[in-house]
Structure formats: C-alpha cells, structure tokens
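Asks: Return a 3D structure for these sequence lines:
(one chain, ligands or ions: 1)
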Amino acid sequence: MKNSDIKQLKNLLDSSQKAVIVTHHNPDGDAIGSVLALYHYLVKKGLQTQIFIPNMYPDFLEWMHRGENLKVYNEKDKETIANVFSDSDLIFCLDFNVPKRSHFLEQFIVNSSAYKILIDHHIEPDIKSFNLIFSKIETSSTAELIFDIIDACGDKNLIDKTMAECLYVGMATDTGSFSYNNNYVHTYEILTHLFSLGIDGAKIQRLVYNNFTENRMRLFGLCLNEKLHVLKDYKTAYIVLSLNDLKKYSYNSGDTEGIVNYALSIKGIDMAALFIERKELIRISFRSYEDLSVNKIASDFFEGGGHKNAAGANSYESLEATVDKFLKILPDLDKYRL
Ligand SMILES: [Mn+2]
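Replies: Reported below is the predicted structural model:
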C-alpha cells in the first residue's frame, strides 16, 4: 500500500460528502463483510453512505449488522439508483477487479463521474476503470485490505466490535475458516486485534456455517453420493448439478457454497470443479492446490478468472458440452502446474 495512495484517500474522505459502496454479483462473505465494515467506517467519518449490491446475498449472512442503507438492485429503481451514483462524490468498488463483475451495477459505475476507488485482491485489476486502486493479490481477503486501509488512515480506533465481526466474516469465508490462503502472518495479527474487540469466533462460525436448511444439506448429500466424479489419473474430482437437481432441493442462492471444497478434500486430488446449470448459463467453480493454476484454466477456456487456487467462470454452452470441454483439458493439465 503506497503512502501517497493513503494520503490521497484521506484527502478524499475529508473533502467528500457522499459515497456509494458496491460489490460483485452473487456477493459472498468477503464481499458483504467488506462492504459493511467499510460502510460503518465511512458513516463514522461523516460521509452519507449508500450500499448497492447487484443481487441478494445468501441467508447465512443475514445476521450481520447491515445498517439502514443497503439496497439490492431492482430494475424499477433504475432511475433513482442512477441519480444516487451520479450525485455521489466517491464510489468504492469492493472485492472485484472489473466493473462487469458488478453485473447490473456496471452501467452506473461506468457512467458516473464520481471518483472511483477499487479495493480488491483479485489478479489483474482493470486499472483504466478506477481512479485510485488498492489491489493486493497476496492477501487473505478484501476484508483484510479494508482493515489495513482503515489502519493506515490512522483510524484503527474507529474499528468497533460490529465492524470487527464483518471483517472476521470476510477473512474467514475467503480462507475456508483459515484452512487455505492462510499462511500470511499479517492475517493473524489482524485477527488478534479483532478478537481483542470482543468478537465471538465460535458463534460467528456457527452462524455462517452451521445453519444449513434441510434441503441444502440433502443437496450436499446428492452431490457427494451421486454427482461426484473422481478421475484419479488426473488428480481431479468434479461435480455436475443440473437445473432439475437444484429444483428438486428448492435451491436458494448460496446453497452450493462450499460443495466444491469437498471434492478437493479427497486424498490424491489436487483439482476440483463444480458445474452448476442455471437458466441462462453454466456456472463453474474451480479449486486447486499449490502450483496448479485454475485461474489460468478459467481464463483460457471459459473467460473466467479469480485466484490461482480458486477461480470461477461462466459457460454459455450446454451442461454436457461444458463438461466435455473441461474433460478435454485434463490430459494437458500439467501445463497449468506452474
Ligand atoms: Mn474476496
């Protein structure tokens, strides 16, 4: 983090009145945790702040203190939203690297003349689209970056228990509860501070992870029992879910979160993929260990991206064609073990 960037941010915070915070489509724990922590900070700094998210977050994040100004994009509010964006001095873009990842909100970001600030940890940020960029790939989560930025602005004392909970959720969910992407000493230094503010780690873990609906648990059962394919020769395991499977278990957004990690947890497997059929596209999640770059596979074959060991992509071919395409990559997998 450059001193000059922090200085610029401090000046912006002092000279601005209105801010908007946005995050990516299908917001996850890090997206929402980061957005809420920053929201509480900006409010404390005296900024009139509005959060917009492109679509609803999953149920297991519902308990977090979201303040009064969080709105989910809605087509019929388009004009009002456009006004808020154009009326705003600052737009904070959190946990995504290119405007199109914010889906419905992209148009408002691109069209607004507000000062655009990116805070993110995905590779290859689109530098042309933002005025000020805080991008750090080697960090556990965007939440961790939010902590560092607040700290660097000299405002660590403004982080309260509510904000600490939000930051903890971001850090925990982006690291599988500190089971991957978890070798940064600094992550634990931050955690020490968050716990000193009185957060209850066990309670948050329970709220975030141990609150499956019966349907979601049974959907996991289906995945592991019937939908999992293991290709030992390629050290690869993958799960394929059709629209019908999802319908049968009354799928809700977030229900498939974490399934792909089970495939990766099989002994001898170092790459896992999850294919989910949606109405208009196939959503793919990739996970891998160590040197195997699933980010590169996602971008080379499916116009996706993310992190080296955790990436996502969309496919506009059929479910079968998409899986076929994936299977054809496997004989050349060693190319991606960098
Ligand atoms: Mn993240």
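Asks: now the helix or strand harbouring Cys223: mean pLDDT?
Replies: Element membership for Cys223 (DSSP states H and E) is helix 214-226. The average pLDDT within helix 214-226 is 96.
Asks: Which elements pack onto that helix?
Replies: The contact analysis (3 or more C-beta pairs under 8 Å, 6 or more residues apart in numbering; DSSP states H and E) places helix 214-226 against helix 243-248, helix 259-264. C-betas here are computed from N, CA, C, even on glycine.
Asks: buried stuff in it?
Replies: By neighbour count with 16 or more other C-beta atoms under 10 Å, helix 214-226 contains the buried residues Arg216, Leu219, Phe220, Leu222, Cys223.
Asks: next one: stretch 293-313
Replies: Those would be 293-299, 301-302, 304-313, for stretch 293-313 by 16+ other C-beta under 10 Å.
Asks: Of those residues, which belong to strands?
Replies: Gly305, Gly306, Ala310, Ala311, Gly312, Ala313 (DSSP state E).
Asks: biggest separation within these, which pair?
Replies: The span of those, defined through C-beta to C-beta, is set by Ala310 and Ala313 at 11.8 Å.
Asks: quick one: stretch 82-100 to chain centroid distance?
Replies: 16 Å (C-alpha atoms, centre = their mean, to the nearest Å).
Asks: anything in it near the ion?
Replies: Yes - looking at stretch 82-100 against the ion by C-beta under 5 Å from the ion, the contacts come from Asp95.
Asks: tell me how far the ends of that stretch are from each other?
Replies: Distance between the two ends of stretch 82-100: 16 Å, counting by C-alpha to C-alpha, to the nearest Å.
Asks: which stretches of the stretch 101-250 of the chain form helices?
Replies: Assigned by DSSP state H, counting those that start in this stretch, the helices in the stretch 101-250 of the chain fall at 106-111, 142-152, 161-173, 185-196, 201-209, 214-226, 243-248.
Asks: and Phe275, helix, strand or coil?
Replies: For Phe275, the secondary-structure state derived from DSSP: H, G, I helix; E, B strand; the rest coil is strand.
Asks: Give the closest residue to the closest residue to the ion within the stretch 201-338 of the chain in space, chain neighbours not counted.
Replies: Of all residues in the stretch 201-338 of the chain, His307 sits closest to the ion, at 8.4 Å by C-beta to the ion. Distance criterion C-beta to C-beta, 6 or more residues apart in numbering; nearest residue to His307, sequence neighbours excluded, is Asn295 at 5.9 Å.
Asks: pLDDT score for the one you found?
Replies: For Asn295, pLDDT reads 94.
Asks: mind listing what it touches?
Replies: Listed by C-beta atoms under 8 Å, 6 or more residues apart in numbering, the contact set of Asn295 reads Ile123, Phe286, Gly305, Gly306, His307, Lys308, Asn309, Ala311.
Asks: ok, 7 Å please
Replies: Counting by C-beta atoms under 7 Å, 6 or more residues apart in numbering, Asn295 touches Ile123, Gly305, Gly306, His307, Lys308, Ala311.
Asks: Now do the fourth one against Leu118, distance only.
Replies: Translated: His307. From His307 across to Leu118, the span is 16 Å (C-beta to C-beta, to the nearest Å).
Asks: distance of the residue of the stretch 201-338 of the chain closest to the ion from Tyr336?
Replies: Distance from His307 to Tyr336, counting by C-beta to C-beta: 14 Å.
Asks: same check, this time on His121
Replies: Distance of His121 to Tyr336, given as C-beta to C-beta: 21 Å.
Asks: Look at these two and report which has more neighbours.
Replies: His121 (24 against 18; other C-beta atoms under 10 Å).
Asks: The more buried one reaches Glu138, doesn't it?
Replies: No - between His121 and Glu138 there is no contact under C-beta atoms under 7 Å: 8.0 Å.
Asks: Spell out which parts of the stretch 51-200 of the chain neighbour the ion.
Replies: Residues of the stretch 51-200 of the chain found near the ion (C-beta under 5 Å from the ion) are Asp95, Ser141, Thr142, Asp174.
Asks: okay, how far is it across stretch 236-249, tip to tip?
Replies: So stretch 236-249: terminal residues 26 Å apart, C-alpha to C-alpha.
Asks: got it, and stretch 99-116?
Replies: In stretch 99-116, first residue to last residue: 11 Å (C-alpha to C-alpha).
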